[in-house]
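A.B. asks: Give the three-dimensional model of this entry:
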Amino acid sequence: MSTIEKLREVILKMKKKNITAANLTPEARFLQDLSFDSQDQTEMLVLAEEAFGITVDFQEVKNMADIAAAVEYIDKKLSK
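C.D. replies: Numbering: from 1, shown residues only. Take a look at the predicted model:
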């Protein structure tokens with residue numbers, strides 16, 4: 001399973017009403033397109049830590065804007 005597919009599963013587990021698999025594209029922006037607030041983004045990152053077995057540095061990701069950036073960050077963590 002690719003990183004983006006696994007991240008989609010993580011986000012869908014959050015059960016936000018406006019989110020479907022169809023709108024979880026690489027270009028989807030957390031704030032504007034998915035209506036994430038800071039609590040939603042933190043929840044996603046904690047779930048991603050569990051799903052991918054990584055440790056997220058919240059200072060590094062505080063300005064992460066979209067799913068593509070999240071995938072890039074996760075892939076970078078996985079390659080270490």
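A.B. asks: Give me the helices and strands touching the helix ranked longest in the chain, please.
C.D. replies: Ranked by number of residues, the top helix in the chain under DSSP state H is helix 38-52. When contacts are defined as 3 or more C-beta pairs under 8 Å, 6 or more residues apart in numbering; DSSP states H and E, helix 38-52 packs onto helix 3-13, helix 67-78. Heads up, the C-betas are built off the backbone N, CA and C, glycines and all.
A.B. asks: so which of those comes closest to residue 26?
C.D. replies: For these, proximity to residue 26 was assessed by C-beta to C-beta; helix 67-78 is nearest, at 4.0 Å.
A.B. asks: helices or strands next to that closest one in the packing?
C.D. replies: helix 3-13, helix 38-52.
A.B. asks: got those helices as TSV, with distance to residue 73, mean neighbour count and mean pLDDT columns?
C.D. replies: Listed next are those as TSV, based on distance: least, C-beta to C-beta, whole Å; neighbours: other C-beta atoms under 10 Å; pLDDT from 0 to 100:
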stretch	distance to residue 73	mean neighbour count	mean pLDDT
helix 3-13	10	17	95
helix 38-52	9	16	93
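A.B. asks: Tabulate those helices in TSV, adding columns for distance to residue 72.
C.D. replies: Shown next, in TSV, are the helices and strands packed on helix 67-78 (distance: least, C-beta to C-beta, whole Å):
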stretch	distance to residue 72
helix 3-13	9
helix 38-52	13
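A.B. asks: Switch the helices and strands packed on helix 38-52 over to CSV; also include distance to residue 40.
C.D. replies: Below are the helices and strands packed on helix 38-52 laid out as CSV (distance: least, C-beta to C-beta, whole Å):
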stretch, distance to residue 40
helix 3-13, 9
helix 67-78, 12
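A.B. asks: I'd like to know which of these is closest to residue 50.
C.D. replies: Short answer: helix 3-13, nearest of the helices and strands packed on helix 38-52 by C-beta to C-beta, at 8.4 Å.
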